[in-house]
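**Q** The following block contains a protein sequence and its predicted model.
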Amino acid sequence: MSAAVASTPAASTGSDRWLRYRRYLPPLLIVVLWQIAASAGLIPTRTLASPAMIAGTFAELISSGELPRHLLVSLGRVTTGLGIGVVVGTTFALIAGLSRRGEDLLDATLQMLRTLPFLALVPLFILWFGIGETPKIALVALGTMFPIYLTLFAGIRGVDAKLIEAGGTLGLSRREQVFHIVLPGALPSALVGLRYALGVAWLSLVVAEQINADSGIGFLVMTARDFLRTDIILVGLIVYAILGLSADQIVRVLERQVLAWRPSFLKD
Amino acid sequence: MNAHPALAARQHPVVQVSNLVRSFGRGPNILDGLDLTIRAGEFVALLGRSGSGKSTLLRTLAGLDTAPAGTVTVPAERAVVFQEPRLIPWKRVWANVALGLRTPDARERAIAALSEVGLSHRLEAWPLTLSGGEAQRAALARALVREPKLLLLDEPFAALDALTRLKTQGLVASLWRAHRPAVLLVTHDVDEALLLADRVLVLDQGRIGFDLHVNLERPRHHAQPAFATLRSRLLRELGVEEENPEEPVEELRAPTRSRAPAASSRRLEDAVWSASADALARS
């Protein structure tokens, strides 16, 4: 029996690998067709640069140090804004989640503000904070605060009351119940919020950097538009995509570490 | 001879409840002037129909129900095992057992308790990987590691499959013999109550309506004739009429002894025949 069981995966490894990579063929094919069409002159460079051009520009921007410089500025804005958003969102969620009085104080206001499309605040932010770094960071912070607040608040309130009750019968103080039961129990939900916040952070950054910026990926893209450089615009888009994917990957790794107790991770 | 129930009954009370009244909202009183005494080391099973207030009484003794009227005296050292194991999923099994222990040797004590329930190989496991029986045994270890004077069991076997239930009942019996806490076991299961308890109480209309001393020899078996008789008696008390009751139960009724009987409760004592070693020892 064991021999038969062992032979099954070995026999199917080849076709498994084929099945796994097969799905990357269509996008690859599109890139190839795109390159052929561009080389044949079917797509004007003003409309869309060819893949080869984009790759060349990418390499050039990296070696000249231009891309790394703008990238660092953008990363700085995102981390600062996200940091502020996470701290403020977490603080509000703890206040509102752990006490009724805190909920009465904060929740209605935050729920109302949440429904506002926060990008519509850009004009107001420019009036308040000028056109320097502050409105850009503030926009990222505001955008990321809500997902953190909402998911952590819901997570805290969603913790199984039976576990908290059991903690009480084990002689845990209120503070210990929060530390051992409520906060770890709210973590899965809060991490979903963090992932969502990362997406919002990049989105806010794109918008913020297209208004009166003199550095950052957004600035690079806007300048390229003025010179009809679709290759640089596409490099900017690719950088945004890579940043978004890496941020998501970091949270996945984090989840795997801190949520190791969950059945979905137990099998690995 | 420490295991002698009559001896245990003579010891000092650890739980004293008098005139306990509890209602929810504007509903009728779930508990209505209830009196209850549990002595040190005594194993008491509490039966009652659904909604009779069994769990409310247990929660009151556990300190989880804070709004009752009446006098309730319970020891500070008490522990609860619920129907669900209620292990904290993000703490490893040993850390669950050690939770709330404030001595430096908490981990060693937790490991010892887990060995006692046969889980020494699962110390580092995540609770969600345990089987139902293992999880409930971990919950028992978590309760016993606190060395409670009163152990409250709220239908702890109800969610287990039949075989696991039997094994876990045996485990509870041996843990009780080894540690001698007073136990209040809330259950729906008449057999379970008769297998484990010194006294079986029936909660009815908010009071202890029936108080049965079970002087059967341990370990007990369903096959004992006395067991079957007591079983029929309890089932009738719970409003279940069997098709073929094996014995006319009224003959069993013995005169009430003077040993602190609750005013409202009828007592069925010494309902066991002299074949029991307990009875021999007493005479």
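**A** Arrived safely, thanks for sending. Numbering: from 1, shown residues only, chains lettered A, B, ... in the order given.
**Q** Every contact and neighbour count from this point should use C-alpha atoms.
**A** Noted.
**Q** Below-threshold pLDDT in the stretch 151-268 of chain A: ranges please.
**A** In the predicted model, the stretch 151-268 of chain A carries pLDDT under 70 at residues A:266-268.
**Q** residue ranges for the helices of it, please.
**A** A:161-169, A:174-177, A:183-209, A:217-226, A:230-258, A:263-266 (DSSP state H, counting those that start in this stretch).
**Q** Pull out the buried positions in the second one.
**A** In this case it means helix A:174-177. Buried residues in helix A:174-177, counted by 16 or more other CA atoms under 10 Å in any protein chain shown: A:Gln177.
**Q** Please apply the same query to the first one.
**A** With burial defined by 16+ other CA under 10 Å, the residues of helix A:161-169 counted as buried are A:Leu163, A:Ile164, A:Ala166, A:Gly167, A:Gly168, A:Thr169.
**Q** Which helix runs longest in chain B?
**A** Looking across chain B with DSSP state H, the single longest helix is helix B:162-179.
**Q** wait, is B:Arg102 part of a strand?
**A** No. Assessed by DSSP: H, G, I helix; E, B strand; the rest coil, B:Arg102 does not belong to a strand; its assignment is coil.
**Q** give the contact list for it.
**A** With contact set as CA atoms under 8 Å, 6 or more residues apart in numbering or on different chains, B:Arg102 has no partners.
**Q** mind checking how far it is from A:Asp226?
**A** 68 Å (CA to CA, to the nearest Å).
**Q** Intersect the buried residues of helix A:161-169 with the contacts of chain B.
**A** A:Leu163, A:Ala166, A:Thr169 (CA under 8 Å from any CA of the partner chain).
**Q** still on that earlier bit, could I get the average pLDDT for the longest helix of chain B?
**A** Helix B:162-179 shows a mean pLDDT of 92.
**Q** Could you list every helix and strand in contact with the following helix or strand past it?
**A** Following helix B:162-179 in sequence order, the next helix or strand is strand B:182-186 (DSSP states H and E). On a contact count with 3 or more CA pairs under 8 Å, 6 or more residues apart in numbering or on different chains; DSSP states H and E, strand B:182-186 meets strand B:43-48, helix B:54-62, strand B:150-154.
**Q** Can you tell me the strand partners of the next helix or strand after the longest one and which way each runs?
**A** For helix B:54-62, the following helix or strand on the C-terminal side (DSSP H and E) is strand B:69-73. With DSSP bridges as the criterion, the sheet partners recorded for strand B:69-73 are strand B:13-23 (antiparallel).
**Q** ok and the partner strand relative to strand B:150-154, angle-wise?
**A** 40 degrees (axes from the mean of the first three to the mean of the last three CA atoms, to 10 degrees).
**Q** Quick one: residues in contact with strand B:13-23.
**A** Contacts of strand B:13-23 (CA under 8 Å, 6+ apart): B:29-40, B:67-75, B:149-150, B:182.
**Q** looking at the helices of the stretch 151-268 of chain A, which is closest to B:Arg165?
**A** helix A:161-169 (21.9 Å; CA to CA).
**Q** pLDDT wise, what is B:Leu152 at?
**A** The model's pLDDT for B:Leu152 equals 95.
**Q** can you tell me which residues contact it?
**A** B:Leu58, B:Ala62, B:Arg78, B:Ala79, B:Val80, B:Val81, B:Val183, B:Leu184, B:Leu185.
**Q** Now the two most distant members of the residues you listed.
**A** Greatest spatial distance in the contacts of B:Leu152: B:Arg78 and B:Leu185, 13.3 Å, computed using CA to CA.
**Q** Between the two, tell me which one has more neighbours.
**A** Set B:Arg78 next to B:Leu185 and count neighbours by other CA atoms under 10 Å in any protein chain shown: B:Leu185 wins out with 27 against 24.
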